[in-house]
Structure formats: structure tokens, C-alpha cells
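*Asks:* Here you go, sequence then predicted model.
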Amino acid sequence: MINRLKSVKEHLDSKLKDVYFRELYELEQERMKLAKLVVDYRIKHHLTQEELASKLGVTQQYISKVENG
């Protein structure tokens, strides 16, 4: 298992040398950070997706899309 993880890390490190791939990877990392912040906030304040959406003036579907990255 550890060898497999090392292999994945080595593959990722190799792919990150490509500027275009690195930019897309970093954007995806930021998107996931935002999703985590929204989920954490919603849980901390005991809100459903629908309740948060109502407070923000957006749809529940939009909150779901944000939370799913």
C-alpha cells in the first residue's frame, strides 16, 4: 500500500511539472477548499442546504453544487 501511495505521489509530482496541469490542479484544490468551508459553516450553524440557500438568496441546488466542488 505504501509503495502504491509513493507511486501515486511520484506520478502527481511528474504531472505537476506541466504548467497547464499544475494550474488546473491548483484551481481544483481551491474549489475543494471553498466546498469544505461552506460545508463546515453549514454544519457549525446547524443549517440545511435549503436554509443556507435562503439566507444567501440562491437555490438549494446551487449550494449542493458548491459543496460538491
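*Replies:* Looks like it arrived, so ask away.

*Asks:* Moving C-terminal from the helix or strand of the chain with the lowest mean pLDDT, which element do we reach first?
*Replies:* Ranking every helix and strand in the chain by mean pLDDT, DSSP states H and E puts helix 2-15 at the bottom, with a mean of 85. Using DSSP states H and E, the helix or strand that follows helix 2-15 towards the C-terminus is helix 19-44.

*Asks:* Report the angle between that following helix and helix 2-15.
*Replies:* 120 degrees (axes from the mean of the first three to the mean of the last three Cα atoms, to 10 degrees).

*Asks:* let's have the chain start at 85 instead
*Replies:* Happy to do that; since the first residue is 85 now, the last one works out to helix 103-128.

*Asks:* which other helices and strands contact helix 103-128?
*Replies:* helix 86-99, helix 133-140, helix 144-151 (3 or more Cβ pairs under 8 Å, 6 or more residues apart in numbering; DSSP states H and E). Using the backbone N, CA and C atoms, a C-beta is placed for each residue, glycine as well.

*Asks:* centre of the chain versus the longest one, how much separation?
*Replies:* Read it as helix 86-99. Computed by Cα atoms, centre = their mean, to the nearest Å, the separation of helix 86-99 from the middle of its chain amounts to 21 Å.

*Asks:* Which residues belonging to that helix are considered buried?
*Replies:* Judged by neighbour count using 16 or more other Cβ atoms under 10 Å, helix 86-99 contains no buried positions.

*Asks:* Looking at the helices and strands packed on helix 103-128, which is nearest to residue 118?
*Replies:* Checking the helices and strands packed on helix 103-128 against residue 118 by Cβ to Cβ gives helix 144-151 as the closest, at 6.9 Å.
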